[in-house]
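Chemist: just the structure for this:
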Amino acid sequence: MNRSSLAGPLTVLGAVAVLVVGALVGFRLLTASAEIEIVDACEDRNVAVGEPVTPALVPVDVFNASQRAGLANRVSINLQRRGFLPGQVGNSPMEVESDGVTIVTDTPEDPRVRLLAAQFGDVEFVPPAGSVSSENIVVIVGNDTNQDLVDDATTEVEADVPVSVCLPVAPEVEVESS
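Modeler: Below is the predicted model of the structure:
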């Protein structure tokens with residue numbers, strides 16, 4: 001037998017070996033348990049009575065109920081410039097009769113709601129409807145809403161009731177030292 005006659009069977013044997021090893025490794029990966037680390041999406045922060053509530057403790061969703069494109073986004077950006085935490089921005093998921101600023105809440109006396117309302121001046125409060133579900137404070141802006149906020153609005157409100165806020169957690173980044 002010469003070398004050329006062994007090349008064909010050796011090639012087939014090599015291919016079968018690769019196939020078997022690949023199948024075994026694939027099966028092992030397929031049946032292995034996944035190691036998943038569950039990380040909290042937010043961290044609870046409690047504010048006691050008498051402590052200040054600042055914009056950094058108030059996540060806000062802003063929805064547009066006007067005919068003006070981009071109004072919710074501009075209002076959200078202005079709130080973020082004041083230190084409020086960003087939430088969802090988009091078109092309003094509910095019908096609002098008000099053309100101005102409406103805050104969706106059952107508790108207008110909540111210090112976070114009072115702080116947010118102070119940024120707009122004239123605000124209407126409505127209870128949540130079935131289509132609005134959020135842990136953030138929901139603001140709906142209408143046709144008569146000015147995208148600019150009140151110039152001299154307060155930057156903190158004293159908590160007259162205990163407040164618990166779930167603040168977003170920044171992902172941990174490993175830094176290699178050199």
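
Chemist: show me the strands in this protein, by range?
Modeler: 42-47, 52-53, 59-64, 85-91, 101-104, 123-126, 137-141, 157-158, 163-168 (DSSP state E).

Chemist: partners of the last one in the sheet?
Modeler: Looking at strand 163-168 with DSSP bridges, its partner strands are strand 42-47 (antiparallel).

Chemist: what are the buried residues along the partner strand?
Modeler: In terms of neighbour count (16 or more other CB atoms under 10 Å), strand 42-47 has its buried residues at V47. The C-beta positions use only the backbone N, C-alpha and C, and glycine is treated the same way.

Chemist: return the member of the strands of the chain having the minimum mean pLDDT.
Modeler: Of all the strands of the chain, mean pLDDT reaches its minimum on strand 163-168 (a mean of 84).

Chemist: give me the contacts around that one.
Modeler: The contact list for strand 163-168 (CB atoms under 8 Å, 6 or more residues apart in numbering) reads 41-47, 53, 57-59, 85, 110-112, 135.

Chemist: now do the buried residues in that strand.
Modeler: Buried, per 16+ other CB under 10 Å, within strand 163-168: 163, 165.

Chemist: how far is it from where the chain is centred?
Modeler: 13 Å (CA atoms, centre = their mean, to the nearest Å).

Chemist: run the angle between it and strand 85-91 for me.
Modeler: Using axes from the mean of the first three to the mean of the last three CA atoms, to 10 degrees, the direction of strand 163-168 lies 80 degrees away from that of strand 85-91.

Chemist: is it true that Q80 touches R74?
Modeler: No: proximity of Q80 to R74 does not meet the contact threshold set by CB atoms under 8 Å, at 10.8 Å.

Chemist: quick one on the thing from earlier: just put the strands of the chain in CSV and tack on distance to G22.
Modeler: Formatted as CSV, these follow (distance: least, CB to CB, whole Å):
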stretch, distance to G22
strand 42-47, 43
strand 52-53, 59
strand 59-64, 49
strand 85-91, 45
strand 101-104, 56
strand 123-126, 61
strand 137-141, 53
strand 157-158, 64
strand 163-168, 43
